[in-house]
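Visitor: The following comprises the amino acid sequence and a computationally predicted model.
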Amino acid sequence: MSKASATGQIIVTSNGTTLHTILQCTTGDVYQNYDGEWDSSSVVISPNFEISGATKPVIVMQAYSAEQGAGNSFNLSKGNASWFVGDTQLTFADSNGVSTNKFNGQSGHFTKGTDKSGNPTLTVNKNLIAVNSGDSFNISCKTSISVNNTNVVLQAVYPVYIAQGAVDSKRATIMATDTNKLFTIDTKGGSCRVRCAVTDGNAMSYEADGRTFKWYLPDTSQSSGWKEKQNSASSYFTVNEADVESSTVVKCEVYNNNSFFASDVQTINDVSDEYIVSPNPTDGTSATSENFIKNSGSKIVYKPYVRKRGSTSNETNVSFEMSLYSSTGVNISSLVTKSGSGTSTSFTITEANLRDYNGANYMITATIS
């Protein structure tokens, strides 16, 4: 018996055919809270990307081959990347790669570039609350590249969370420690080391007197949906390849003097696994993006399938289960409606159920017998 999993967010898409695309961020998440009116000069923002010493999020697009024996990143250096904010394509100055689009009268919010492997990157330079008039939005990347003499467009979407409220809110953020692989394991026996940053207002820190970090991996046998793997004063945690069935989520809870402070979850991808699970999100009939418009009353119906790397045929002796978590790691799997069995399994999630959570993280696990 074998297992494989797929993870994602309700607003993340992936290419499940020849190449798998992953859009990740060096800071784990891109988010901002603000107090006041978003278009006011006196608005207070946290974290503030424009203050001296601020950590600038860098969003990176990666692609991995689905061919047998894959694991190494697909070379995107010869591709042509286009970046979008919502439906607006970003334009950039030729001289320095800084964006020229204006949001609330200002430009220069982003800089395009590449990492040392040639993957497209987008660096956040300025505060983002005015980009969508004080509300959350998506950043997407479309990379046009030639594959086997055929031009294909690879696409992935990344959510930016904007919320009005107390700017001194407590937050934990799981961050990548490897600026090349980020949250990806690409070799058998490999691992992914992550670190949890603790933010209070605009102050970010890691280890501190009286602070402990509890790390968890999913476990459906537990009522909480999680199993504790590490409890220590270290902000670091290592996810081993043996812990991951294609993809998983990891949770960190931060405590100060034994009092809960904040928590976060992050997706870890293992592209060295034999099996690949494709979530296959639909609107019930045809393919759809994993993106709910608030108050739309829409739904996403997942019709997953699993294949061996290099194969174009779906595995038949398979069963599926789906777990759903809020952005802070609360198990909300009861909001998923399962229908059918085996290769006819489907999972339905409605916008109404997720409305108060502003999105969610999911994991679909396939058991192959």
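Guide: Happy to help now that I have it.

Visitor: the strands in the stretch 1-150 of the chain, which residues?
Guide: With DSSP state E, counting those that start in this stretch as the criterion, the stretch 1-150 of the chain has strands at 2-9, 19-25, 30-35, 44-46, 58-65, 80-85, 88-89, 110-114, 120-124, 137-147, 150-164.

Visitor: Tell me the buried residues in the longest one?
Guide: Applying a neighbour-count criterion of 16 or more other C-beta atoms under 10 Å, the buried positions in strand 150-164 are 152, 154, 155, 156, 157, 158, 159, 160, 161, 162, 163. Quick note: C-beta positions are derived from backbone N, CA and C, even for glycine.

Visitor: Same list, those, but as a markdown table with distance to residue 35 and pLDDT please.
Guide: What follows is the buried residues of strand 150-164, written out as a markdown table (distance: C-beta to C-beta, whole Å; pLDDT from 0 to 100):
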| residue | distance to residue 35 | pLDDT |
| --- | --- | --- |
| 152 | 44 | 78 |
| 154 | 39 | 86 |
| 155 | 35 | 86 |
| 156 | 32 | 86 |
| 157 | 28 | 86 |
| 158 | 25 | 89 |
| 159 | 22 | 87 |
| 160 | 18 | 90 |
| 161 | 16 | 87 |
| 162 | 13 | 88 |
| 163 | 10 | 84 |
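
Visitor: could those residues go into a markdown table alongside distance to residue 193?
Guide: A markdown table is the format used below for the buried residues of strand 150-164 (distance: C-beta to C-beta, whole Å):
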| residue | distance to residue 193 |
| --- | --- |
| 152 | 32 |
| 154 | 27 |
| 155 | 29 |
| 156 | 23 |
| 157 | 26 |
| 158 | 22 |
| 159 | 24 |
| 160 | 25 |
| 161 | 25 |
| 162 | 29 |
| 163 | 29 |
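
Visitor: Closest one to residue 224 out of those residues, please.
Guide: Ranked by distance to residue 224 (C-beta to C-beta), the buried residues of strand 150-164 are led by residue 161 at 23.8 Å.

Visitor: Quick check: closest non-adjacent residue to that closest one.
Guide: Spatially, and ignoring its direct neighbours in sequence, residue 161 is nearest to residue 31 (4.0 Å; C-beta to C-beta, 6 or more residues apart in numbering).

Visitor: ok, the one you found - contacts?
Guide: 47, 160, 161, 162, 163, 171 (C-beta atoms under 8 Å, 6 or more residues apart in numbering).

Visitor: now, among those residues, which is nearest to residue 137?
Guide: Relative to residue 137, the closest of the contacts of residue 31 is residue 160; by C-beta to C-beta it sits at 5.4 Å.
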